[in-house]
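Visitor: Sequence and predicted structure below; questions after.
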Amino acid sequence: KMMSTASVQVSRLRCNGQVRVAGRNEFPPVAPGGPARLSWALTAAPQGKRDLVQVGYELHLVRVDSPLADERSGTPAVTASSCCHEWKRPDCALQWHELQPPDCRKLLPGCWYRWTVAVKDSCGTEASGSSYFYVTDPQALTGVSWIGSHDIRMNELRKEFNVGETVVSAIAVISGLGYYELYINGKNVDPTRKLDPAWTEFDKRVLYATFDVKDFLVVGPNAVGVLLGNGWYSQDQYIPPSVQKPAYGPPRLLLNLTIATASGRTITVVSDESWTGRSGAITFDSVYHGEHVDARLLRPGWAQPGFTDPTSLWLRASIMNDPGGAVEPQAMPPVRVEVTTMKPISVAKVITNTWLFDFGQNFAGWIRLHVRGAPKGASIFIHFTEIAVPKQNSSIYSGVIYTDNLRAAQQTDMYITGGGKDEVFEPRFTVHGFRYVQVHNLWKTPTVDDMEGVVVHTAADEIGTFESSNALLNKIHAAVVWGQKSNLMSLPTDCPQRDERKAWLGDAALTVDEALFNFDLGSFYVSWLQEIRNAQSAEGSVPDTVPRTFGKAIADPNWGTAFPTIVSCLVDHLGDVTTAKDMYSALRAWVEFLRMCANRDGLSNMYYVHGDWVPPPPETRTSGALCSAFAYLNDMQQLIALARLLGVTDDVTTYSQLYAQLAQEFHESFYDEGLNGYGDGKQTANVLALTLPDVVPAALKSTVVNSLLADLAAHNGHLTTE
């Protein structure tokens, strides 16, 4: 067995691109038939040597009953008796190992495995590292019913059960639409996990999570409780002209809890009509409009055994319709709260009984508010905004918060006090984009210590840094990082605050390269690519937004370009050939759709929806057809590169020949001799033409470049394009 030394470390252990953080109740899923790609990094320890090269590795798999308990025990050493599978590669520099389907078929469904990799570097140094994955059980939710209610707002559900002997393992498999939180014996099984499951097109795909809950159970009476929120599974989110999903809502739960005991007995608790539920203290929740909590309706102990509540209406849960989508494991990091909260930099009274908190930083999430001394039944209103309006010629705020940019989104929480001496309000099923928080009707003058900012986003580690001697560039980079985090909400969204928050393909195409430099987002984008493919039409087109709740059913080519662009970036940044292979036929169908449009209308009349969106005023947009033609040729170039990578030689030949013809057509369609450039002769048109290989003839390239430079000089070095 190879032992770790002080000079080298094994880090960033991944399963199918997903890193599991130690101590978290979160485990990358592996399908019973595989494959599973296990990878790791070799890093120098502090004071260790650099430029280390791996020369060999050993990989061991051990089945465990409870990964959390196994981890707490210090991950016992791998021995011949405990190891169920092993591979030895003494002369292999690859820092990954692919478990092929024959290997994966040897693994048991519904079980956790600890994998340990032991490596040796070029200096003879040895080190090891361990992580865990879960082999999914395709039958775990088969035959299990979705439950909820059409009669009341049933967002608090519970069930009691008995465990008669020591628990060896306990696995909870759960999904709740729109959002859920799972409690066992009064404890949240993963308190930092929020806004779960990830947003998908629920009539095509619904995601579930798997939790190790052995430590939450006791011998004797037990109880399981689930809170439900509306999330994106509701009509409230589909503000016109959004595309509605009439079948969405009300909330519903799907759960299977499987318990193995010391005698070999199996106890199963599933979502069915034996559960009871009520309309709880969360009286309203909306992604856009906020959350209302009436603390008078809180029932302490509701998720514990022996609970009774004679003052609430608890009804039997009803069987609800299946959302329709395939139920699949969530193979990407969930949305989580950051460990460190934000502190306001100031709080000021702006009008009677109204205070404005300033966090000094725009971010996405919510607040944790301490309420002291308020009588029972007091209503506190909490408004979130990105901008506060100061008094004229003063740094003192006028009490007016700017909300025009929110459009129809209210971004307002309400808390009705329960009469406690010190109460804490924190929403569960909404999210806001904000810097300022205006609070009305507090009963005591607050301080900055009465509020915390909770930063929320998909749990993606920052893997890139940037620092320069230029303070402005450093600030720009910091703003980019904050802006990116605020738009990682299980999907790459366009904004965190107004009544939109959609996964626009155009925005994602422009940011994916930056995002992969700064964050560990491989599995995040792979999951969204599956959504895009699910949304693809029979003709090969994709919509402007995915899931499509806004925009056109047939995307503008410069929006649809996100599909090949993200796949190409995953290859460039992560060497992810597996996803390229998986998505190739769908990408080819998208390019063929563009080809059909170009054959029908010609490049000079190619269709567009948004085009050059949006140049700074007073500049006008350049030709929409030119922009779309650029997207078509650019996507074909990406397809050719992927075909070459995957060895699809016929496509390399076919599309290379077609591209050569299209490059000539682009030049002939859009070059203007009078302007010494393309289209309207402005920056956008010339940059796009120069970007495409072989479009600008060699004899004209310097002419077009000089035209571009002259335009920049005429605008004092400023861009006239977005």
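Guide: The structure has been received and is ready for your questions.
Visitor: So Val327 belongs to a strand, correct?
Guide: Yes: Val327 forms part of a strand when assessed by DSSP: H, G, I helix; E, B strand; the rest coil.
Visitor: Show me what it is bridged to.
Guide: Per DSSP bridges, the residues bridged to Val327 are Val206.
Visitor: who's in contact with it?
Guide: Neighbouring residues of Val327 by C-beta atoms under 8 Å, 6 or more residues apart in numbering: 141, 175, 206-208, 254. For glycine as for every other residue, the C-beta is placed from the backbone atoms N, C-alpha and C.
Visitor: wait, which of these is closest to Asp513?
Guide: Set against Asp513, the nearest of the contacts of Val327 by C-beta to C-beta is Leu207 (26.3 Å).
Visitor: quick one: contacts of stretch 307-319?
Guide: 145-152, 154, 157-158, 223, 253, 271-279, 297, 299, 301-302.
Visitor: What's the end-to-end length of it?
Guide: This stretch, stretch 307-319, spans 24 Å end to end (C-alpha to C-alpha, to the nearest Å).
Visitor: in it, what counts as buried?
Guide: 307, 314, 317-318 (16 or more other C-beta atoms under 10 Å).
Visitor: Then stretch 257-265?
Guide: Buried-residue list, stretch 257-265, by 16+ other C-beta under 10 Å: 257-261.
Visitor: Mind checking which of these are in strands?
Guide: 257-261 (DSSP state E).
Visitor: Helices of the stretch 51-200 of the chain, residue ranges please.
Guide: Per DSSP state H, counting those that start in this stretch, the stretch 51-200 of the chain carries helices over the ranges 67-72, 101-104.
Visitor: What helices and strands are in contact with the longest one?
Guide: Identification of packing neighbours for helix 67-72 by 3 or more C-beta pairs under 8 Å, 6 or more residues apart in numbering; DSSP states H and E yields strand 111-121, strand 126-135.
Visitor: and it, how far out from the chain's middle?
Guide: Computed by C-alpha atoms, centre = their mean, to the nearest Å, the chain-centroid distance of helix 67-72 equals 27 Å.
Visitor: What is the neighbour count of the closest residue to Thr549 other than its chain neighbours?
Guide: Closest residue in space to Thr549, ignoring its immediate chain neighbours: Ser242 at 4.8 Å, by C-beta to C-beta, 6 or more residues apart in numbering. When neighbours are defined as other C-beta atoms under 10 Å, Ser242 has 16 of them.
Visitor: gap between Glu462 and Arg24?
Guide: 17 Å (C-beta to C-beta, to the nearest Å).
Visitor: now do Thr142
Guide: From Thr142 across to Arg24, the span is 27 Å (C-beta to C-beta).
Visitor: which of those two has more neighbours?
Guide: Arg24 (16 against 9).
Visitor: Would you agree the more buried one falls within a strand?
Guide: No: Arg24 is assigned coil when assessed by three-state DSSP, not a strand.
Visitor: Please identify the helix or strand for Gln438.
Guide: strand 432-440 (DSSP states H and E).
Visitor: Give me the next element, helix or strand, following that strand.
Guide: Next along from strand 432-440, by DSSP H and E: strand 451-458.
Visitor: Show me what the helix ranked longest in the chain is packed against.
Guide: The longest helix of the chain (DSSP state H) is helix 577-601. Applying 3+ C-beta pairs under 8 Å, 6+ apart, one finds that helix 577-601 contacts helix 522-535, helix 557-560, helix 562-574, helix 624-646, helix 649-670.
Visitor: I'd like the average pLDDT over the helix or strand in which Ser11 is found.
Guide: Using DSSP H and E, Ser11 sits within strand 8-15. Throughout strand 8-15, pLDDT has a mean value of 88.
Visitor: Renumber starting at 875 from here on
Guide: In the new count, where the first residue is 875, that last one comes out as strand 882-889.
Visitor: Pull out the buried residues from that strand.
Guide: Quick answer for strand 882-889 (16+ other C-beta under 10 Å): 882-884, 886-889.
Visitor: before we move on, what about stretch 1352-1371?
Guide: Here stretch 1352-1371 shows 1354-1355, 1357-1371 as buried, counting by 16+ other C-beta under 10 Å.
Visitor: Count the neighbours of the closest residue to Gln1410 other than its chain neighbours for me.
Guide: Leaving aside its sequence neighbours, Gln1410 sits nearest to Val1416 (C-beta to C-beta, 6+ apart; 5.2 Å). Applying other C-beta under 10 Å, we find 26 residues neighbouring Val1416.
Visitor: Val1416: what's it in contact with?
Guide: Taking C-beta under 8 Å, 6+ apart as the test, what Val1416 contacts is 1379, 1406, 1409-1410, 1429, 1434, 1437, 1464.
Visitor: export those to TSV and tack on pLDDT?
Guide: Output for these, formatted as TSV (pLDDT from 0 to 100):
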residue	pLDDT
Leu1379	97
Ile1406	98
Ala1409	96
Gln1410	98
Ala1429	96
Gly1434	98
Phe1437	98
Trp1464	98
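Visitor: Including neighbour count and distance to Leu1507, could those residues go into TSV?
Guide: Formatted as TSV, these follow (neighbours: other C-beta atoms under 10 Å; distance: C-beta to C-beta, whole Å):
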residue	neighbour count	distance to Leu1507
Leu1379	28	18
Ile1406	25	21
Ala1409	19	24
Gln1410	19	21
Ala1429	29	17
Gly1434	30	14
Phe1437	27	15
Trp1464	26	14
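Visitor: From the residues you listed, pick the one nearest Trp986.
Guide: Closest to Trp986 out of the contacts of Val1416 is Ile1406 (31.1 Å), distances taken as C-beta to C-beta.
Visitor: unless I'm mixing things up, the closest one is touching Leu1379, no?
Guide: Yes: assessed by C-beta atoms under 8 Å, Ile1406 is found in contact with Leu1379 at 7.4 Å.
Visitor: what do these two both touch?
Guide: Counting by C-beta under 8 Å, 6+ apart, the residues touching both Ile1406 and Leu1379 are 1416, 1420, 1436-1437.
Visitor: got any ranges where the stretch 1375-1524 of the chain has weak pLDDT?
Guide: Low-confidence segments of the stretch 1375-1524 of the chain (pLDDT under 70): none present.
Visitor: let's see 90
Guide: 1423-1425, 1488, 1490-1492 (pLDDT under 90).
Visitor: On the pLDDT front, check Leu1230 for me.
Guide: 94.
Visitor: who touches it in this structure?
Guide: Neighbours of Leu1230 in contact, by C-beta under 8 Å, 6+ apart: 1221-1222, 1224, 1262, 1271, 1273, 1275, 1310-1313.
Visitor: Helix, strand, or coil at it?
Guide: From three-state DSSP, the assignment for Leu1230 is strand.
Visitor: Lowest average confidence across helices and strands of the chain, where is it?
Guide: Among the helical and strand segments of the chain, the one scoring lowest on mean pLDDT, DSSP states H and E is strand 1271-1276, with a mean of 69.
Visitor: Show me where the stretch 1175-1324 of the chain has its strands.
Guide: 1189-1190, 1192-1194, 1200-1203, 1209-1211, 1220-1225, 1228-1246, 1253-1259, 1261-1264, 1271-1276, 1286-1290, 1296-1299, 1306-1314 (DSSP state E, counting those that start in this stretch).
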